[in-house]
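Undergrad: sequence plus the predicted model coming up.
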Amino acid sequence: MLTLNYPHIEKPNDRPARLQRIPRIRVAQIIMDYLAYGWSVEEICRQHPYLTPAEAHAAMGYYFDHQEEIDQEIAQEWQQAQTSINQASRSPFYIRMQAKGLL
């Protein structure tokens, strides 16, 4: 079986794929800009100047080879965000601010 290496990308066991140089940046975060805005690698680097073109290209390559994995990660993150929004809208703070007309 052929094993592919992705320069600039690390994939620890049971953890999301991320950049080696900036481990807090996940491949899925880069791909969300590609999916949401249709940005090219050049535009992604322009919008995020801390990324090198090689890192952005590596993230795109990893995505196209592991699309199901990254799409699932994005879907889970979206679901968590929606849950947080729904919970926040029921919080006492939100209800009070809404009653005061501030939201």
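TA: All right, it came through fine.
Undergrad: please, where are all the strands along this structure?
TA: With DSSP state E, the ranges of strands along the chain come out as 9-10, 18-19.
Undergrad: so which of those strands is the most packed in?
TA: Among the strands of the chain, the stretch with the highest mean neighbour count (mean count of other Cβ atoms under 10 Å) is strand 18-19, at a mean of 22. Any C-beta I mention is one placed from the backbone N, CA and C, and that applies to glycine too.
Undergrad: just to revisit the earlier point, save the strands of the chain as CSV, and put in mean pLDDT too.
TA: Converted to CSV, the strands of the chain look like this (pLDDT from 0 to 100):
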stretch, mean pLDDT
strand 9-10, 96
strand 18-19, 97
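Undergrad: just send these back as a markdown table, with distance to Ala81 too.
TA: Shown next, in a markdown table, are those (distance: least, Cβ to Cβ, whole Å):
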| stretch | distance to Ala81 |
| --- | --- |
| strand 9-10 | 24 |
| strand 18-19 | 19 |
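Undergrad: span of stretch 31-48 from start to end?
TA: 13 Å (Cα to Cα, to the nearest Å).
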